[in-house]
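Participant: can't give you the sequence, but here's the structure:
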């Protein structure tokens, strides 16, 4: 098992003390640090800034949103970060949801699987630099129509690695299967080891497709997982319930919330419906209060160090190769790193 430190995205202001967290992660043997984006801070800038003080940890986006950049622009960001870091970049991509894609980026959300396939193909063309980059579309046509003067181009800067790893954030069965087919790793949010056989079915469908890029043996599964070391498990679970309520009840439209769908697959259909009803009516505290303890513990590791070590092993046995964890202090990072020994 490997650990990645998830720095996330910023709130109203840039966070403080992140440099110390990053230093502690590298010293503690973490494999990578990751940055995210929503509709505020971006994912690449923090990695370049805080990653400049590191020498060994990989620098990953978890995730960079497809609609935020054209595929060629995204490839430029990735190859630049890869050069600056000496070959430590991981390009994690995700489609986000219709509220963000259409409301913030002003792009259509339709056909997310087809858009992802086309996007990744163009990024790989840029990184390979074997020929001018072209795409027949329909989502990202290159050269585009218009004046008729567009020209297919190769990147001026030679990418450091043609095989820079691309990981995809995916939650549903079709998206996970696509990830296994075309990507180097899966960024799994709200992963449940109990459902590993179901995930394996989805993954195996992708691995079995003609032209699949990887096999299970060389494919990364990086699961977001809060690891909370505490002797008061009940209090820690209670503290995490508002986060579950937010993602299940408020991070997405009521008609299409991918996070809610994940928990429904775990068997929490009634709870998800009630949490969503309360949250969308403004009763957020009540929504958090009805989140069952098991709904929190299903996708997180909460307890003392011995319990955490057993759970890390259980997640590893379920096929996870990296846990993406968060921490508020350098000492917490160090304590998490000790679980790897």
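Facilitator: Thanks, I have the structure now. Note that the coordinates shown come from a computational prediction; the quantities given were computed from them, not determined experimentally. Residues are numbered from 1 along each chain as shown.
Participant: residue 239 versus residue 233, what's the distance?
Facilitator: Distance of residue 233 to residue 239, given as Cβ to Cβ, to the nearest Å: 11 Å. Heads up, the C-betas are built off the backbone N, CA and C, glycines and all.
Participant: check residue 37 too.
Facilitator: Residue 37 sits 25 Å away from residue 239 when distances are taken as Cβ to Cβ.
Participant: which of these two has more neighbours?
Facilitator: residue 37 (23 against 15; other Cβ atoms under 10 Å).
Participant: wait, what's in contact with the more buried one?
Facilitator: For residue 37, the contact set (Cβ atoms under 8 Å, 6 or more residues apart in numbering) comprises 9, 43, 61, 63-65, 68.
Participant: ok, residue 264 next?
Facilitator: residue 272.
Participant: kindly recompute the last result at 10 Å.
Facilitator: Counting by Cβ atoms under 10 Å, 6 or more residues apart in numbering, residue 264 touches 248, 257, 270-273.
Participant: tell me the most packed of the residues you listed, by neighbour count.
Facilitator: residue 248 (27 neighbours).
Participant: tally up the residues packed near the closest residue to residue 274 other than its chain neighbours, please.
Facilitator: Computed as Cβ to Cβ, 6 or more residues apart in numbering, the closest residue to residue 274 that is not its neighbour in sequence is residue 290, at 6.1 Å. Using other Cβ under 10 Å, residue 290 has 14 neighbouring residues.
Participant: surely residue 290 is in contact with residue 242?
Facilitator: No - contact criterion Cβ atoms under 10 Å: residue 290 and residue 242 do not qualify, at 11.6 Å.
Participant: circling back to that earlier point, quick one: which of the contacts of residue 37 sit in strands?
Facilitator: Applying DSSP state E to the contacts of residue 37, the entries found in strands are 61, 64-65.
Participant: now neighbour count, pLDDT and distance to residue 25 too, for the contacts of residue 37, in CSV please.
Facilitator: As requested, the contacts of residue 37 are exported to CSV (neighbours: other Cβ atoms under 10 Å; pLDDT from 0 to 100; distance: Cβ to Cβ, whole Å):
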residue, neighbour count, pLDDT, distance to residue 25
9, 17, 96, 18
43, 26, 98, 17
61, 28, 98, 16
63, 23, 97, 19
64, 23, 98, 20
65, 25, 98, 24
68, 21, 98, 25
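Participant: report the two of these separated the most.
Facilitator: By the measure Cβ to Cβ, 9 and 68 form the most distant pair in the contacts of residue 37, at 11.9 Å.
Participant: which residues are in contact with both of the two?
Facilitator: Shared contacts of residue 9 and residue 68, defined by Cβ under 10 Å, 6+ apart, comprise 37, 39, 42-43.
Participant: wait, which of the residues you listed is closest to residue 148?
Facilitator: Distances from residue 148 to these, taken as Cβ to Cβ, are shortest for residue 42 (33.2 Å).
Participant: count of neighbours near the closest one?
Facilitator: 19.
Participant: wouldn't it be in contact with residue 49 here?
Facilitator: No - in terms of Cβ under 10 Å, residue 42 does not count as a neighbour of residue 49; the distance is 11.2 Å.
Participant: buried residues in whatever helix or strand residue 47 lives in?
Facilitator: Using DSSP states H and E, residue 47 falls within helix 44-51. For helix 44-51, burial by neighbour count (16 or more other Cβ atoms under 10 Å) applies to 44, 46-48, 50-51.
Participant: do the same with stretch 231-239
Facilitator: Neighbour counts over stretch 231-239 (16+ other Cβ under 10 Å) mark 236-237 as buried.
Participant: quick check: bridge partners of the residue lying closest to residue 311 once chain neighbours are set aside?
Facilitator: Using Cβ to Cβ, 6+ apart and skipping the chain neighbours, the partner closest in space to residue 311 is residue 301 (4.3 Å). Using DSSP bridges, the bridge partners assigned to residue 301 are residue 227.
Participant: adjust the sequence numbering to begin at 644 for everything that follows.
Facilitator: Done: numbering now begins at 644, and the last item shifts to residue 944.
Participant: just the pLDDT for residue 944.
Facilitator: Residue 944 is assigned 97 on the pLDDT scale.
Participant: with residue 895 instead?
Facilitator: At residue 895, pLDDT is 68.
Participant: do the one 3 residues further on as well
Facilitator: The score at residue 898 is 65. That number is its pLDDT.
Participant: so what does residue 946 have for phi and psi?
Facilitator: Dihedral pair for residue 946: phi 160, psi -170, per degrees, to the nearest 10.
Participant: just checking, it touches residue 953?
Facilitator: Yes - the pair residue 946 / residue 953 is scored as a contact, 8.8 Å apart, by Cβ under 10 Å.
Participant: redo the contacts of residue 680 as CSV? Include distance to residue 666.
Facilitator: Below are the contacts of residue 680 laid out as CSV (distance: Cβ to Cβ, whole Å):
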residue, distance to residue 666
652, 21
686, 20
704, 20
706, 24
707, 24
708, 28
711, 29
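Participant: out of these, which one sits closest to residue 858?
Facilitator: Using Cβ to Cβ, the contacts of residue 680 come closest to residue 858 at residue 706, 23.3 Å.
Participant: and the closest one, what does it touch?
Facilitator: Residue 706 is in contact with 677-680, 686, 734-739, 810-813, 830, 832, counting by Cβ under 10 Å, 6+ apart.
Participant: swap the cut-off to 8 Å and go again
Facilitator: With contact set as Cβ under 8 Å, 6+ apart, residue 706 has these partners: 679-680, 686, 735-737, 811-812, 830.
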